[in-house]
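1. here are the coordinates; sequence isn't available:
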């Protein structure tokens, strides 16, 4: 067994709450005019920071270059978290790496999104019984979207991004707000996984 | 009135010594008072051109030669220099009320410092206001010796620096004195304003010989290539409050001598006898080329420096080059540009040195790799430095741009493409080197040791702010200074035969090929900033974060960066560039190994003849020498 | 009147500069056999950046960005845009060139104040590179100003009136080549993009910028691009009879720039300096001395 257990006591309840929120969103769009414009632009321009931890990275170059060309959707790579909109976790996360990912995520500017990439971020994938990796990313960071597969093909990646775009422009993407709202819960999980060695800048 | 300018500081010296036995800090204020009165006098003397005798008959009159007095004169040309001098002296005196932290070991040094600084002021006023070349020479030497003692007051091993300074100065003084003697012999008069008529009949060969001798010493004092080598050692060791005077003012001694040579000698009569290059005589071209080389050497050496003070010192070499370049071109634009650059460089280099002295006051060092992030702690010092470097790099809307613009116009008017290239390299290069201290000292990560640094006291801020305001004023309304310079040009050449005043209005300056409007440029720059500011503040407010919250590729900053200075890029800032010319031969080394080394060996050998360990041999030599001398008589 | 005109020209420069950047991305994509983003992509990016939240590293971090954009806008007002002379009658070539340096100083200050060594290294490279490309460029300009006896851009444009054969590109072919090369340096196009180098120093000066700061810098780059290419068009391609022709010429120059840049790889920074001080410098001197001695036909 892994050296730690996960916090899932009130998960079902939270899921219900989230679903409720989503349903409410569909009824009334309470975004302001400016927010709508911002979301519209945000959906069409996504700077991504790909955190290439595992084998997932190998699927990104073909997605970016001439065969699949993700730039035609306004998606492009960026060098630092300050500039990026979406954090792409492409593979398994060892506990040590998680620490860096959390710091990177906190350095990003809101609105910011997290995409889990491949089965490793979903349930551990082939590392499901590893002592040193985490199994579920959304316990530590507010994952907005998973792309399942081992590895997901470029088509899947582009589909995932298009889904993300839809979510952004309809305004029902709440991950970073959720991270701020339930910060204690995330921090507790992070602390547990990292044995208290979380470093954040604020 | 005129005599008072020299006598006041001289009397002030005596009183200063008395006051400082009674209360040392009071002596500091005393210096400020004396220099303040002098500043007022100089400002009020504008327009009252005339002369006064300080000391009668240094050389008595003979049948065919009038007597030479130690006399002062004020005219439109030297008034400009005197004004710059007095402003800088006053600013430094005010700054040194609190800013002499590197001299404060026991207070004994300080009393000496007050005496010396007032003596130095005496020599400065005397020099710039000299009526004749002899007076000029007397104050020139006076200054050399006073500054010899001032330089050696600095850091522990500054004595060798002072020796280098005084040796180079002595060489310059020798040629100066020789030239003065020749002029007296040929012309029978030494009056500066009468040089043109007095030397008019002399053949060109003699004339250029004299000019060469005088310019040699001018090059030494202004720190121009190839005689710039004393600057590094001297500035590195001089007391912090002395450096602004040394760079802003004392190098202007050489410039002033250069101005006399190029502007007040009958050059226009002699020059047709020499073959001309690009429209000026080859003699002038030689010195213009020396100026250009000086710009290059100063720039590239400054880019390489690790110590902020040293860096500013080398920038002085480069700027002395600009001034020499303009004077040697001797066209209206060149002369006006040079004279304006004298003012701009004096202000900006003094401001740069003062801000570095302020940094030293707070941090105890000016080594750039040991500093960083001082902008939050010392905003006034930072602003001073920023304004000074904008001027130094010749960027509008500060003063340095105006003078450089005039110099570029002068160069392009004559089509001097190679000299212009050097001037451009110096200008772009100056952007590079002045940025290093800005980045390394004021911006970036702050070392832990400077966490509790505080801005310098108000008394030290005032002179810095005032110098900055003057720099901005000269950038926005350069016509004020150009009007004085036009006055000087009219005084130099009343018939407008080779120098004509620059056409200016309140805001517009007309060059050879174009005109620009300084007020408009300032206004438009302001407009641009307002636009940008609106765009900036229209959008979401930002959140302030600390310096350590930084992109570190995911690593935890406080763990990777054990101390902030390790995450601060400041050591060898321009390494890729400096590596390109790291192996270039150094002039200073050439002097030290080639000339100084050989002279030292020769001196040792000579000493060995007279004293080889046995006392008897020396006594014998002495006796024999005496006998021979007596016998000859 | 001046205020209105300057607002209009600023908006034009921003819009056109952003268009050029989108155009660049599209052309680059086509060169790489990609479909590429829509041509208005850069507008969307900029709007998005201004809408994001931001962090600041201190007062100079803000002020430098404002100074950078302000200096560039000021430069713009002194440049003739076709027949639209906002203030270009009272401008001078040196004023324009050195006002651009204010923008660079502002950006440099701001970037270094982020206290990230990547930014400092980027700025060091940008400044070093500037020492490389500015010198041959200025040497060509010396020859031009001496020959036409004027340093006003407006008069230099006027000197090329009368058809294609009077353009300085034809009169000074070597000079035009040098100016084109140095323009690539000024714009930071490959192979002279050492200071950005995303894979090497994490996009250099831009490393700590996000949100509206990056938006400001993109706007600044847009205006700067407009000014720098516009300067080339004015000095070598005879300016423009009206704004439309001027904008077309800018687009044409930039198109060639993008094509050349796309097939070259990045230099190291000292290689940039060496390169510019070797061939462009020699060509610049040959051209300038030639035209100063022989003069224009």
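-> Cool, got the structure. As the structure is a computational prediction, the values presented were derived from the model and not from experiment.
2. all strands for chain B, in order.
-> Counting by DSSP state E, chain B has strands at residues B:50-59, B:68-74, B:276-277, B:280-281, B:508-510, B:515-517, B:542-544.
3. quick one, which of these is nearest to residue A:92?
-> strand B:542-544 (32.7 Å; CB to CB). All C-beta spots, glycine's among them, are computed from the backbone N, C-alpha and C.
4. anything in that closest one near chain C?
-> Yes. Using CB under 8 Å from any CB of the partner chain, strand B:542-544 reaches chain C at B:542-544.
5. Number of residues surrounding residue C:33?
-> Using other CB atoms under 10 Å in any protein chain shown, residue C:33 has 11 neighbouring residues.
6. what's near enough to touch the residue nearest to residue A:46 when sequence neighbours are not counted?
-> Leaving aside its sequence neighbours, residue A:46 sits nearest to residue A:75 (CB to CB, 6 or more residues apart in numbering or on different chains; 4.7 Å). Counting by CB atoms under 8 Å, 6 or more residues apart in numbering or on different chains, residue A:75 touches A:46-48, A:161.
7. Tell me the one among these nearest to residue B:430.
-> Comparing the contacts of residue A:75 against residue B:430 with CB to CB places residue A:47 closest, at 37.1 Å.
8. ok so, going back, farthest-apart pair in the contacts of residue A:75, please.
-> A:47 and A:161 (12.0 Å).
9. List the contacts of residue 128.
-> If you meant another chain, say so; for now it's chain A. Contacts for residue A:128 were tallied using CB under 8 Å, 6+ apart; they are residue A:135.
10. actually it's chain B I care about, not the one you picked
-> Contacts for residue B:128 were tallied using CB under 8 Å, 6+ apart; they are B:78, B:81-82, B:85, B:256.
11. change it to 6 Å
-> Residues near residue B:128 by CB atoms under 6 Å, 6 or more residues apart in numbering or on different chains: B:78, B:81-82, B:85.
12. go on, residue A:71?
-> By CB under 6 Å, 6+ apart, the residues touching residue A:71 are residue C:37.
13. What distance do you get for it to residue A:63?
-> Look at residue A:71 and residue A:63: by CB to CB, to the nearest Å, they are 10 Å apart.
14. So what's the residue count around the residue in chain A positioned nearest to chain B?
-> The nearest approach of chain A to chain B comes at residue A:100, 3.4 Å away (CB to the nearest CB). Residues lying near residue A:100 (other CB under 10 Å) number 19.
15. Return the per-residue confidence for it.
-> Note on residue A:100: pLDDT of 84.
16. and if you look at residue B:560?
-> Residue B:560 is given a pLDDT of 66.
17. which residue sits closest to the residue in the stretch 151-300 of chain B that chain C sits nearest to, ignoring its sequence neighbours?
-> For the stretch 151-300 of chain B and chain C, the shortest gap (CB to the nearest CB) falls at residue B:299, measuring 9.3 Å. Nearest residue to residue B:299, sequence neighbours excluded (CB to CB, 6+ apart): residue B:429, at 3.6 Å.
18. what about the one you found, distance to residue B:401?
-> On the measure of CB to CB, residue B:429 and residue B:401 end up 16 Å apart.
19. sorry, back to before: from the residues of strand B:542-544 next to chain C, pick the one nearest residue C:178.
-> Lowest distance from residue C:178 to the residues of strand B:542-544 next to chain C (CB to CB) belongs to residue B:542, with 41.9 Å.
20. Local confidence estimate at the closest one?
-> 75.
21. Surely it touches residue C:54?
-> Yes. Contact status for residue B:542 versus residue C:54: in contact at 4.2 Å, counting by CB atoms under 6 Å.
22. out of the two, which sits in the busier spot?
-> Taking other CB under 10 Å, residue B:542 and residue C:54 do not tie; residue C:54 has more neighbours (23 against 19).
23. can you give me phi and psi for that one?
-> When read as degrees, to the nearest 10, the backbone of residue C:54 gives phi -140, psi 160.
24. what's the nearest residue to it if we skip its chain neighbours?
-> Here the residue nearest residue C:54, using CB to CB, 6+ apart, is residue C:211, at 3.5 Å.
25. ditto for residue B:430
-> For residue B:430, ignoring the flanking residues on the chain, the nearest one in space by CB to CB, 6+ apart is residue B:393 at 4.8 Å.
26. dump the residue contacts of the one you found.
-> B:430-431, B:434.
27. Can you name the residue of the stretch 101-250 of chain C nearest to chain A?
-> Residue of the stretch 101-250 of chain C nearest chain A, by CB to the nearest CB: residue C:210 (3.6 Å).
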